[in-house]
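> My questions concern the predicted model and sequence given below.
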Amino acid sequence: MKPKTWTDAYAEAVLADRPVGYWRLNERTYNKQVADESGHNNHGSFVGRPSAGEQGAIRGSANCSMSFASDAHVSIPHSPDFSIQTSGEGLSVEVWMRPDTLLYEGEDNRKYIHWLGKGKSAQRGEPKHMEWGFRLYSSDHPQRPRRISAYAWNPQGGEGAGAFYEGSLVAEGGWIHLVACFQHYVDPCVIKTGVQLFVNGEFVQGPPSSGTLYFNQGNWSVVPRNGDAPLRLATRSATANSFLTGGIDEVAVYPKVLTPERIKWHFDIGVGRRCR
């Protein structure tokens, strides 16, 4: 029997959880389509010129990654499978990310960027429709330096429900494994649901913490709804000054909330603690 490689083990772990989209970002040139290896044919395309064929995040793997700068990103056409409410079981988004700078002017000089997500922007002449995304705060942000967050929004945007991490794992040049789990919305009088965030295989924040809940009395009420925005990697809505400078690898979207055990399993394989 042929020995199992780290690459095979990591991909098998992801595929065993039946993602609706899985982009390994293993393309060697920027002018090819970005392949979806989930079997759902949600292939993406390059916008601008990311740097392809770079060393990946998975330890011991020959699989490549991509790095992004300026306004380069990947755009994947809308699918209802990428929306929180479609499956009735929530949504999980998994990604390895490497920030090559932590200093950003950010959207409207707010010193944060949205570096992956699903949403449209009025700046681009599109009907504004926000769904979910990842945010990174600049290292010189006065209140939230180096914070990394996952948010869910109402279609019109505004304040959202989110979970965040602040700590030494957010460092220039270092890969970080992130999983955002967006729970299926139900009547907040019945059950408290919201956003969970896992960093390097560990749970860091989620319900019942008030800031992570879709319903936060007196502050916001987020009701996730399906939109037709594309899924973008290295930006959310291609808004000016909201693009990642850094690397992205092994992006997967699942039509359910992954269990903590499966998230830890993926991370452990990725860093070489397990091979099967």
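That came in fine, so what should we check first? Residues are numbered from 1 along each chain as shown.

> For the rest of this, base every contact and every neighbour count on C-alpha atoms.
Noted.

> Can you show me the strands along the stretch 1-150 of the chain?
Using DSSP state E, counting those that start in this stretch, the strands of the stretch 1-150 of the chain run over residues 21-23, 45-47, 51-55, 64-68, 73-76, 91-99, 112-119, 130-137, 148-154.

> Now render these as a markdown table, adding distance to residue 228.
What follows is the strands of the stretch 1-150 of the chain, written out as a markdown table (distance: least, CA to CA, whole Å):
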| stretch | distance to residue 228 |
| --- | --- |
| strand 21-23 | 16 |
| strand 45-47 | 17 |
| strand 51-55 | 28 |
| strand 64-68 | 24 |
| strand 73-76 | 11 |
| strand 91-99 | 16 |
| strand 112-119 | 8 |
| strand 130-137 | 9 |
| strand 148-154 | 14 |
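
> among those strands, which is nearest residue 105?
Residue 105 lies closest to strand 112-119 among those, at 7.0 Å (CA to CA).

> who's in contact with the closest one?
Under the criterion CA atoms under 8 Å, 6 or more residues apart in numbering, residues 104-107, 128-138, 141, 227, 229-237, 241-244 lie in contact with strand 112-119.

> Can you list the low-confidence ranges for the stretch 101-250 of the chain?
By pLDDT under 70, the weakly predicted segments of the stretch 101-250 of the chain are 122-127.

> quick one: which of the strands of the stretch 1-150 of the chain is nearest residue 255?
Of those, nearest to residue 255 by CA to CA is strand 91-99, at 4.8 Å.

> what about residue 158, how many neighbours?
Residues near residue 158, counting by other CA atoms under 10 Å, number 10.

> Three-state assignment for it, please.
strand (DSSP: H, G, I helix; E, B strand; the rest coil).

> How about residue 211?
helix.

> thinking it is in contact with residue 159, fair?
No. Shown here, residue 211 and residue 159 do not form a contact pair, counting by CA atoms under 8 Å, at 10.6 Å.

> of these two, who's got more company?
residue 211 (20 against 14).

> which residues touch residue 204?
Applying CA under 8 Å, 6+ apart, the residues near residue 204 are 164, 165, 196, 197, 198.

> Same check on residue 86?
By CA under 8 Å, 6+ apart, the residues touching residue 86 are 80, 226, 255.

> Pipe those residues into JSON lines and attach distance to residue 149 and neighbour count per row.
Below are those laid out as JSON lines (distance: CA to CA, whole Å; neighbours: other CA atoms under 10 Å):
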{"residue": "80", "distance to residue 149": "23", "neighbour count": "13"}
{"residue": "226", "distance to residue 149": "21", "neighbour count": "18"}
{"residue": "255", "distance to residue 149": "20", "neighbour count": "25"}
